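Student: Below is the sequence, then the predicted model.
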Amino acid sequence: GESVGLHLPTLSVQEGDNSIINCAYSNSASDYFIWYKQESGKGPQFIIDIRSNMDKRQGQRVTVLLNKTVKHLSLQIAATQPGDSAVYFCAESNDYKLSFGAGTTVTVRA
Amino acid sequence: DGGITQSPKYLFRKEGQNVTLSCEQNLNHDAMYWYRQDPGQGLRLIYYSQIVNDFQKGDIAEGYSVSREKKESFPLTVTSAQKNPTAFYLCASSIVLRSNRELFFGEGSRLTVL
């Protein structure tokens, strides 16, 4: 079975609010954790990654948190915009292999 | 602009036919990958290649074949042996195999078997 999964398949967010997308993983040997965004009909795009020896990393409007104790990863999007509507995938990297979760569909309400 | 080009975007196939999906990149990346995406599921790795004339099976290689004769090209053939080929296929590349956490994806090819 998959080693990476997301807690909820869908998330509806009011425009301007913060979004939190969660992901659980099971492989404690993974060295990186990554978030990808996939818009409808397109390929995924890299958003941000975090190394396994870190617990927080910030990007532009996004923050990734890693809790190795409970094997949990989250992506926070500040001030969610309509363009943030997409499917978000978490992935873990172990050597050459990238394992993806099933994805969370984020819908932004106007 | 640099990027990955997949073709065709949509493809219909009759059962028993082989089809080849094209993937070309002009990013000068060494590593290339093929993933399969099914509704409600994550991406699953079919094949990957870290260098010309070399490729390795991923998690779901059965029924698929690839070649890597040129650095910029990594075509995927979906053979008649693939039992459930209808899916969205994504090609990706990375600078080198160990930089795989930042993959650059193409726009995908949607294959439907009639």
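Tutor: Cool, the structure landed.
Student: Next, give phi and psi for A:G83.
Tutor: Backbone dihedrals for A:G83, given as degrees, to the nearest 10, come out at phi -70, psi -10.
Student: Just grab the bridge partners of residue 10 for me.
Tutor: This is for chain A. A:T105 (DSSP bridges).
Student: hm, I was asking about chain B
Tutor: On the basis of DSSP bridges, B:Y10 is bridged to B:R110.
Student: so who does it touch?
Tutor: Applying Cβ atoms under 8 Å, 6 or more residues apart in numbering or on different chains, we find B:Y10 in contact with B:S109, B:R110, B:T112. C-beta coordinates here come from the backbone N, C-alpha and C atoms, glycine included.
Student: so, if you compare these, which one comes nearest to A:T107?
Tutor: Taking Cβ to Cβ as the measure, A:T107 lies nearest B:R110 of the contacts of B:Y10, at 22.3 Å.
Student: Am I right that that closest one is in contact with B:K9?
Tutor: Yes. Between B:R110 and B:K9 a contact is recorded at 6.9 Å, counting by Cβ atoms under 8 Å.
Student: Where do the strands of chain B begin and end?
Tutor: For chain B, strands defined by DSSP state E occupy the ranges B:4-7, B:10-13, B:19-25, B:31-37, B:43-51, B:54-57, B:64-66, B:76-78, B:87-94, B:104-105, B:109-113.
Student: who in chain B is up against chain A?
Tutor: Counting by Cβ under 8 Å from any Cβ of the partner chain, chain B comes close to chain A at B:4, B:35, B:40-45, B:48, B:50, B:90, B:92, B:97-98, B:100-108.
Student: Repeat the analysis, applying 6 Å as the threshold.
Tutor: Contact residues (Cβ under 6 Å from any Cβ of the partner chain) of chain B with chain A: B:Q41, B:G42, B:L43, B:L90, B:L97, B:N100, B:R101, B:E102, B:F105, B:G106, B:E107, B:G108.
Student: what's the farthest-apart pair in those residues?
Tutor: Based on Cβ to Cβ, the longest span within these runs between B:Q41 and B:L97 and measures 24.0 Å.
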